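Participant: Sharing a model that was predicted from the sequence below.
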Amino acid sequence: MIAAVQRVSKASVSVDGAVIAAIAGGLLALVGVVRKDTSADAAYVARKIARLRIFADNEGLMNLSVKEAGGAVLVVSQFTLVGDARRGNRPSFAAAAAPEAAEKLYLEVADEVARAGIEVQTGQFGEMMKVDLVNDGPVIILLDSKSSAGQRTSFHGQGT
């Protein structure tokens, strides 16, 4: 599972021109589910999102988690994170999980972050969404549930 986690001053998601989710500040987590991901991958990514210390403390150092900073998390499904553009100019999405499995795991990420006591909003899986955000910093952290254990050498190579 891949996630691009952005520290934001505000973020929202719209579908068909209507805002369906919004946060005043915290983290925007774009989540891509890879074909062989499991609930363990979702739990890993959710724990990292909840515990990332990327908010400033009283001394201006990045020492606080989103919960400690009083922020919320907007979780948005983003299958294009697993796109492979190594050959040619049109990305392949062959490594992306099937929609049913991807939706289940994406929602597990959101649920797990919420269980950590953090306000969570979500996008609408499978819909064309417009994401509006003000990136704070900018601070963007990439998470990969397989890279921590050395299991993935690439999204499409050994380990996937």
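Facilitator: Okay, I see it. Numbering: from 1, shown residues only.

Participant: where does the protein dip in pLDDT?
Facilitator: 148-160 (pLDDT under 70).

Participant: now the helices for it?
Facilitator: Secondary structure of the chain (DSSP state H): helices located at 39-51, 99-115.

Participant: Need those in JSON lines (columns: distance to Gln78 and mean neighbour count).
Facilitator: (Each C-beta comes from the backbone N, C-alpha and C, glycine too.) Below are the helices of the chain laid out as JSON lines (distance: least, CB to CB, whole Å; neighbours: other CB atoms under 10 Å):
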{"stretch": "helix 39-51", "distance to Gln78": "12", "mean neighbour count": "19"}
{"stretch": "helix 99-115", "distance to Gln78": "9", "mean neighbour count": "19"}
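
Participant: in this protein, which spans are strands?
Facilitator: 2-15, 18-23, 26-32, 55-56, 62-64, 72-77, 120-122, 130-144 (DSSP state E).

Participant: Most tightly packed of those strands?
Facilitator: Per-stretch averages of neighbours, counted by mean count of other CB atoms under 10 Å, single out strand 26-32 among the strands of the chain, with a mean of 27.

Participant: Show me what that one is packed against.
Facilitator: The elements that strand 26-32 packs onto, with contact taken as 3 or more CB pairs under 8 Å, 6 or more residues apart in numbering; DSSP states H and E, are strand 2-15, helix 39-51, strand 72-77, helix 99-115, strand 130-144.

Participant: Tell me which of those sits nearest to Pro91.
Facilitator: Within those, the stretch nearest Pro91 is strand 2-15; the backing value is 13.4 Å (CB to CB).

Participant: That's all I had, so thanks and see you.
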